[in-house]
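A.B. asks: no sequence for this one, just the structure:
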């Protein structure tokens, strides 16, 4: 069928031809977004669209003014340009940050180029793993990886024929499942959309209200349109986009330093909103390092000693039964140490082989010395590798102590090994395997399994020399040697130890109201034991089976709602309806899913999302990619994870440690709190900027704050303190609060708007108006005189405007280089422009001075003021510098009033 000779393989010409036909042996990468599209998303997505609308309205207002007036003001033009510049700069910054994350992701690829050993024209050669095509004859050995997917070869060696490559493989089809799943919006994206709707609603409502009011007051429709645009633009917080971007970036950098690489800035906050974490066991909750924990021989359970100096030995290593058990574990074992590790401690050496066999290898090497020498002295003659049907591994060796004899050794599933035995080794003597010893075996097996350990059974048989002399040809296919009536030697159990930081991290999740669900392929007994060890099933909480055992009643008689914990077998999950799964997720707080498949992991994620949970999922394999993509935030493993899982994930754990997820949750909650503080502070300046414009329309007074002044407040004095709030440390109860409810706990809600607009904003506005009217009153214009003089005040030809005392004022001094300074027309006292700039500058400064206490007010959710005053160095510097920044406004006319300005600042602060 495949036209290939197994002994010689393909010819080079035929291999090249097949490679051209089928393409490389690689999974098709997911569709990539063009870089220009990514850049445009940063420029026109989310909050940016609100600023673009504001910029367009500014240009529209300037166009209307240019059509109506001979010498139009350039303020709206400047504002439109600045708004566009803010969006472009922050868009470039966000694009740069995501591009950096993408480069880190690309660096994970090709770190170790995969090679394949194949037979080509009768010779074994190494070729690039992407080059094998159909019909190629690969040579497979234990520890190899079959490209392009991380599928490890089980024990044994073989030759084969490649029948499918790339996307046509089983793993390729699993990877394609992820591309068909829809990805939902992140919580922070929905929050920003909600904020945009809220601010837009307020802006449009105020704009239309005063548009109608302007028409009622007798303004022309063109003037009313200008007012409408002005009020809408005044509601747009120009500096908020930059503030949000910088806050998210700072948090992403902090998380990267804590081994959490965020691919998308919005994923930073999503992790903080997480209410359910579906975690793998191996490598995430545990160390992915199988270790021998206990042995059972001579009818006793012994604790294994895995220390380098063997200082913790708790059993008699001189026991002949232990010697026999160690010999079987060393010989019936294909794991080997990788070369060049002589100077590395045994427990830290890398091995080629199965995790369980590697654990046995290290244990025997530590206890009995060199396993290689043991194998050299007892050469292997034949072998039956482990398979899922027999559930045992068997090998026959020449005996070191008997030149004429052979030794048969076997290991595997304990119950299968025991069934093949009729005797048991006790104190070095073979005795009949009676019912008493069978019960002792069963008790030991259950005890070790209940500890969450993987248990293996061991037996041997000395083959009689008269039947099996040296040189006998053993046949592993047509078995011509005994595989029953063997002698049972003992049990060895292994455990993948939990990571040291995991129990504390799980405890933090519980305090934070986050449900941690273990999803594993292990046996339910092992999974339950590990869950108890790391705290996922807390002490005192029982499953249905535990309650039934305690009450000595059938499981069917126990009300499932009485059990807080639950262990669900994959076979049971397969037969469940969605309603039954929802019932389990709803009624049990501590859940373990055992013996699950990748498809079932996806079902679990969807079930949690139906409960309204924000779900984080961990995964490392290709088969985890659908669940990673479906979750609200997918978390891939940076060390053990496959490329496909990393592509599907939103975040990469660089250390594969569950504790890093909890650190990320805390950072995500912190950024939400700090963003809320920043937005609350930024919005407080809206009312001081809007109300002068409203009085300008309603009372017809000179405009207290111009467009340039507003930009100085929004992009100059407001932005830096708002960004400084991103550096604030977490509140003491940040990991003791329940997860944020996306439906009710919004980033910007009515309460925040009412505080920013109705309370703090009004106080700042009143302070600004007070300063403005006082300065004008000092110059002769009492508040009553200002009402209705806007047109005359703004008229460029006005040179005879009278103040409250009858003094006439000119629009601007008529000084020229040839005019003496003492000339009457050069007196600044008679200049309306000078007085207006003086009043506007002091009103701006007073607004800034009044606003800096609100930095602390917005930062006081749970602590006393004195604990916050110097909590952040960044905030202290920003607050100290903020009141002085408006003094540097780029207008030379402010210089003559600098001394009076400073005195007014001092008076208002006091």
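C.D. replies: Yep, it's here. As the structure is a computational prediction, the values presented were derived from the model and not from experiment.

A.B. asks: C-alpha from now on. contacts and neighbour counts both.
C.D. replies: Noted.

A.B. asks: any idea of the mean pLDDT in stretch 188-208?
C.D. replies: Average pLDDT, stretch 188-208: 78.

A.B. asks: Go ahead and name everything in contact with it.
C.D. replies: Under the criterion CA atoms under 8 Å, 6 or more residues apart in numbering, residues 46-47, 50, 227-233, 235-236, 266, 269-270, 746-748 lie in contact with stretch 188-208.

A.B. asks: How far does it sit from its chain's centre?
C.D. replies: Put simply, stretch 188-208 sits 28 Å off its chain's centre (CA atoms, centre = their mean, to the nearest Å).

A.B. asks: now the strands for the stretch 201-350 of the chain?
C.D. replies: Using DSSP state E, counting those that start in this stretch, the strands of the stretch 201-350 of the chain run over residues 260-262, 276-279, 291-297, 300-303, 336-337.

A.B. asks: quick one: strands adjacent to the longest one?
C.D. replies: Using DSSP bridges, the strands paired with strand 291-297 in its sheet are strand 300-303 (antiparallel), strand 486-495 (antiparallel).

A.B. asks: Which residue, neighbours along the chain excluded, lies closest to residue 511?
C.D. replies: residue 736 (5.1 Å; CA to CA, 6 or more residues apart in numbering).

A.B. asks: Let me know the secondary structure of the one you found.
C.D. replies: Following DSSP: H, G, I helix; E, B strand; the rest coil, we place residue 736 in the coil state.

A.B. asks: Tell me which residues touch it, please.
C.D. replies: By CA under 8 Å, 6+ apart, the neighbours of residue 736 are 508, 511, 512, 513.

A.B. asks: The first one - how many residues pack around it?
C.D. replies: Look at residue 508: counted by other CA atoms under 10 Å, it has 18 neighbours.

A.B. asks: so what's it closest to, chain neighbours aside?
C.D. replies: Using CA to CA, 6+ apart, the nearest residue to residue 508 is residue 735, at 6.6 Å.

A.B. asks: Verify the contact between that neighbour and residue 666 for me.
C.D. replies: Yes: at 6.6 Å, residue 735 counts as touching residue 666 under the criterion of CA atoms under 8 Å.

A.B. asks: Break the chain down into its domains, please.
C.D. replies: 1-180, 292-495, 502-656, 685-909 (automatic domain parsing).

A.B. asks: Pick the most deeply packed of the ones you listed.
C.D. replies: Counting by mean count of other CA atoms under 10 Å, domain 502-656 has the highest mean neighbour count of those, with a mean of 20.

A.B. asks: Figure out how far that domain is from the centre of its chain.
C.D. replies: 18 Å.

A.B. asks: Over to stretch 324-339?
C.D. replies: The answer for stretch 324-339 is 41 Å, by CA atoms, centre = their mean.

A.B. asks: just stretch 333-349 next, same as before
C.D. replies: Taking mean C-alpha positions (CA atoms, centre = their mean), stretch 333-349 and its chain are 35 Å apart.

A.B. asks: distance between the ends of that stretch?
C.D. replies: One end of stretch 333-349 sits 17 Å from the other (CA to CA, to the nearest Å).

A.B. asks: try stretch 327-336
C.D. replies: 15 Å.

A.B. asks: rounded to a whole number, what's the mean pLDDT of it?
C.D. replies: Per-residue scores along stretch 327-336 average to 93.

A.B. asks: just the strands in the stretch 601-750 of the chain please.
C.D. replies: 615-619, 633-637, 651-653.

A.B. asks: In JSON lines: these, plus mean pLDDT.
C.D. replies: JSON lines is the format used below for the strands of the stretch 601-750 of the chain (pLDDT from 0 to 100):
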{"stretch": "strand 615-619", "mean pLDDT": "89"}
{"stretch": "strand 633-637", "mean pLDDT": "88"}
{"stretch": "strand 651-653", "mean pLDDT": "87"}
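
A.B. asks: I'd like to know which of those is closest to residue 60.
C.D. replies: strand 633-637 (41.5 Å; CA to CA).

A.B. asks: Flag the shaky bits of the stretch 251-400 of the chain, pLDDT-wise.
C.D. replies: Regions of the stretch 251-400 of the chain meeting the criterion pLDDT under 70 cover residues 265, 306-314, 388-389.

A.B. asks: re earlier: pick out whichever of the contacts of residue 736 sits closest to residue 529.
C.D. replies: Nearest member of the contacts of residue 736 to residue 529, counting by CA to CA, is residue 508, at 20.1 Å.

A.B. asks: does residue 461 sit in a helix or strand, and which one?
C.D. replies: Applying DSSP states H and E as the criterion places residue 461 in strand 454-463.

A.B. asks: Okay, angle between that strand and strand 291-297 too, please.
C.D. replies: Counting by axes from the mean of the first three to the mean of the last three CA atoms, to 10 degrees, strand 454-463 points 50 degrees away from the direction of strand 291-297.
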